[in-house]
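Participant: Predicted model, plus sequence, below.
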Amino acid sequence: AQRVTQPEKLLSVFKGAPVELKCNYSYSGSPELFWYVQYSRQRLQLLLRHISRESIKGFTADLNKGETSFHLKKPFAQEEDSAMYYCALSEGGATNKLIFGTGTLLAVQP
Amino acid sequence: DTAVSQTPKYLVTQMGNDKSIKCEQNLGHDTMYWYKQDSKKFLKIMFSYNNKELIINETVPNRFSPKSPDKAHLNLHINSLELGDSAVYFCASSQSLGGYTFGSGTRLTVV
């Protein structure tokens, strides 16, 4: 069955430190993977999609099919990065259903 | 202009009541969704409509009934509310693969 795993519930780092939010997936086909961010009491927003290979707010994520991972990275964390981050996998097709991981709360300390 | 808007933002109600949450999108997207975010922040899909047709119906109690009068609207009606229904409900829409636009959520508290 399709599954997205985010092993860390909470990741606490100091401002300026590197950040890596882990995401692993299981999917039988070719995955479409995304990172969504939810700032405190706000709506979820699309941060990255792997097919775009873009960098948003300094974040990047590379799809590693061998390790079935899509980790989110940023070289220098900022306090405004503090938020809940969700990795998600799209089943595509007619439903375009998104399966979310359980989320990782990133807390950037001053 | 808000792309996906939900009303109400907060809803506090007693057990056993019936309530509705409304969602509207002005993006011209064909597909709309309802997700539930529980107290542990876990997000799970409930329903999806594509052009007014139900295409995803996860294992959700039949007290929950979605209604899509047109492709810009997807409402969620909940009968006989229970304490366990307390959560944040997010509406979303999409056109392209995985590119969801979410509403700001409706925080439902059942007392």
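Facilitator: Sure, I can see it. Since the model is a prediction, treat every value here as computed from it, not as a measurement. Numbering: from 1, shown residues only, chains lettered A, B, ... in the order given.
Participant: Any residues of chain B in contact with chain A? List them.
Facilitator: Counting by C-beta under 8 Å from any C-beta of the partner chain, the residues of chain B close to chain A are B:4, B:31, B:40-45, B:48, B:50, B:55-56, B:90, B:92, B:94, B:97-105. Just so you know, the C-beta spots here come from the backbone N, C-alpha and C atoms, and that holds for glycine as well.
Participant: Tell me the bridge partners for the spatially closest residue to residue B:25 that is not a sequence neighbour.
Facilitator: Sequence neighbours aside, residue B:93 is the residue nearest to residue B:25 in space, at 4.1 Å (criterion: C-beta to C-beta, 6 or more residues apart in numbering or on different chains). Beta-bridge partners for residue B:93, by DSSP bridges, are residue B:32, residue B:101.
Participant: Just the pLDDT at residue B:93, thanks.
Facilitator: For residue B:93, the pLDDT comes out at 94.
Participant: for chain B, what are the nearby residues on chain A?
Facilitator: A:32, A:34, A:36, A:42-46, A:49, A:51, A:84, A:86, A:88, A:90, A:92, A:94-100, A:102-103, A:105.
Participant: out of those residues, which are buried?
Facilitator: A:32, A:34, A:36, A:43-44, A:46, A:49, A:84, A:86, A:88, A:90, A:96-100, A:102-103, A:105 (16 or more other C-beta atoms under 10 Å in any protein chain shown).
Participant: mind checking which helix or strand of chain B has the lowest mean pLDDT?
Facilitator: Least confident helix or strand of chain B, by mean pLDDT, DSSP states H and E, is strand B:53-57 with a mean of 86.
Participant: Parallel or antiparallel, list what pairs with it.
Facilitator: Partners of strand B:53-57 in its sheet, by DSSP bridges: strand B:43-50 (antiparallel).
Participant: Show me what counts as buried in the partner strand.
Facilitator: Buried-residue list, strand B:43-50, by 16+ other C-beta under 10 Å: B:43, B:45-50.
Participant: May I have the residues that are in contact with residue B:110?
Facilitator: Neighbour list for residue B:110: B:13-15, B:81-86 [criterion: C-beta atoms under 8 Å, 6 or more residues apart in numbering or on different chains].
Participant: Can you list phi and psi of residue A:41 for me?
Facilitator: Dihedral pair for residue A:41: phi 60, psi 30, per degrees, to the nearest 10.
Participant: what about it, neighbour count?
Facilitator: Number of residues near residue A:41 (other C-beta atoms under 10 Å in any protein chain shown) recorded here: 9.
Participant: Now do the phi/psi pair for the closest residue to chain B within chain A.
Facilitator: Chain B sits closest to residue A:90 of chain A, with a gap of 3.8 Å, by C-beta to the nearest C-beta. Main-chain dihedrals, residue A:90, degrees, to the nearest 10: phi -100, psi 130.
Participant: what stretches of chain B score poorly on pLDDT?
Facilitator: B:1, B:96-98 (pLDDT under 70).
Participant: just the strands in it please.
Facilitator: Per DSSP state E, chain B carries strands over the ranges B:4-7, B:10-13, B:19-25, B:31-37, B:43-50, B:53-57, B:64-70, B:73-78, B:87-94, B:100-102, B:106-110.
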